[in-house]
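Engineer: the following comprises the amino acid sequence and a computationally predicted model.
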Amino acid sequence: MIHVRTSESSDLSGLMRVEHESFSTPWSEESVLSFLDDGEHRICFTAEDEREIVIGYLALQFVGDEAEICNIAVKPAFRGRGIGGQLIDRAVEFCAGRSIGVLHLEVRVHNAPAVSLYEKKGFRRVGLRRGYYEDSGEDALLFARPIDDIEASRK
Ligand SMILES: CC(C)(COP(=O)(O)OP(=O)(O)OC[C@H]1O[C@@H](n2cnc3c(N)ncnc32)[C@H](O)[C@@H]1OP(=O)(O)O)[C@@H](O)C(=O)NCCC(=O)NCCS
């Protein structure tokens with residue numbers, strides 16, 4: 001049984017483990033902490049299992065009526081079970097509750113699991129930034145999803 005809730009400062013070490021298991025250049029503790037400390041423009045959602053072990057998270061930034069998914073990751077052993085989808089559903093619900101009109105994100109063009117997840121969750125490609133990622137020179141795909149229909153995300 002997976003539970004998704006708003007992250008707390010005490011999640012930091014668990015979130016960092018997810019981060020290190022998921023990315024070759026993980027976010028620093030300061031970067032993750034900045035999403036736990038700032039309820040005004042940033043929020044994190046934690047996915048935990050029945051033992052309350054942190055297995056995934058999503059970092060969201062919001063200003064006015066727009067928001068951006070800045071990060072999403074699920075521990076490798078727990079992928080492919082719908083947890084990434086649950087985290088996105090939670091972000092969409094949060095945006096709907098705040099009358100946020102559109103949710104943005106950017107993703108590496110070759111990150112097939114993430115691209116597929118976003119398309120499944122109602123995001124549409126709206127642009128391309130060539131050579132955006134400094135480490136690999138990879139292009140970034142820009143995706144957006146209007147927050148007009150929460151049910152569209154749950155399909
Ligand atoms: C992207 C990520 C968060 C997906 O999490 P997840 O919990 O495995 O995703 P879900 O199980 O909810 O998958 C939902 C959909 O995503 C797509 N998907 C997930 N994994 C996939 C894979 N390996 N290949 C292709 N599509 C995949 C499928 O459309 C899937 O729907 P389906 O199960 O009906 O086929 C996870 O792969 C991850 O942590 N990757 C490393 C970090 C990362 O790259 N984050 C994105 C940064 S932009």
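Structural biologist: That came in fine, so what should we check first? Numbering: from 1, shown residues only.
Engineer: could you list the low-pLDDT ranges of this protein?
Structural biologist: Along the chain, segments meeting pLDDT under 70 span 149-155.
Engineer: around the ligand, which positions in the chain sit nearby?
Structural biologist: 22, 72-74, 79-85, 107, 111-114, 116-117, 120 (CB under 6 Å from any ligand atom). Yep, even glycine has a C-beta here, placed from its N, CA and C like the rest.
Engineer: let's see that with 5 Å instead.
Structural biologist: Within the chain, the residues that sit near the ligand (CB under 5 Å from any ligand atom) are 22, 72-74, 79-80, 82-85, 107, 113-114, 116-117, 120.
Engineer: could you turn the buried ones of those residues into a ChimeraX selection?
Structural biologist: The ChimeraX command for the buried members of the residues of the chain next to the ligand (criterion: 16 or more other CB atoms under 10 Å) is given here:
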select :22,72,73,74,79,83,84,85,107,114,117
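Engineer: take the residues of the chain next to the ligand and keep only those in helices.
Structural biologist: 22, 83, 84, 85, 113, 114, 116, 117, 120 (DSSP state H).
Engineer: distance to residue 129 added to the residues you listed, as a markdown table?
Structural biologist: Formatted as a markdown table, these follow (distance: CB to CB, whole Å):
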| residue | distance to residue 129 |
| --- | --- |
| 22 | 22 |
| 83 | 28 |
| 84 | 23 |
| 85 | 25 |
| 113 | 20 |
| 114 | 16 |
| 116 | 20 |
| 117 | 20 |
| 120 | 23 |
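Engineer: looking at the residues you listed, which is nearest residue 131?
Structural biologist: residue 114 (18.7 Å; CB to CB).
Engineer: just give the nearest non-adjacent residue to the closest one, would you?
Structural biologist: Nearest non-adjacent residue to residue 114, counting by CB to CB, 6 or more residues apart in numbering: residue 107, 5.0 Å away.
Engineer: so which residues of the protein form strands?
Structural biologist: 3-6, 42-48, 54-63, 66-74, 102-108, 124-129, 140-146 (DSSP state E).
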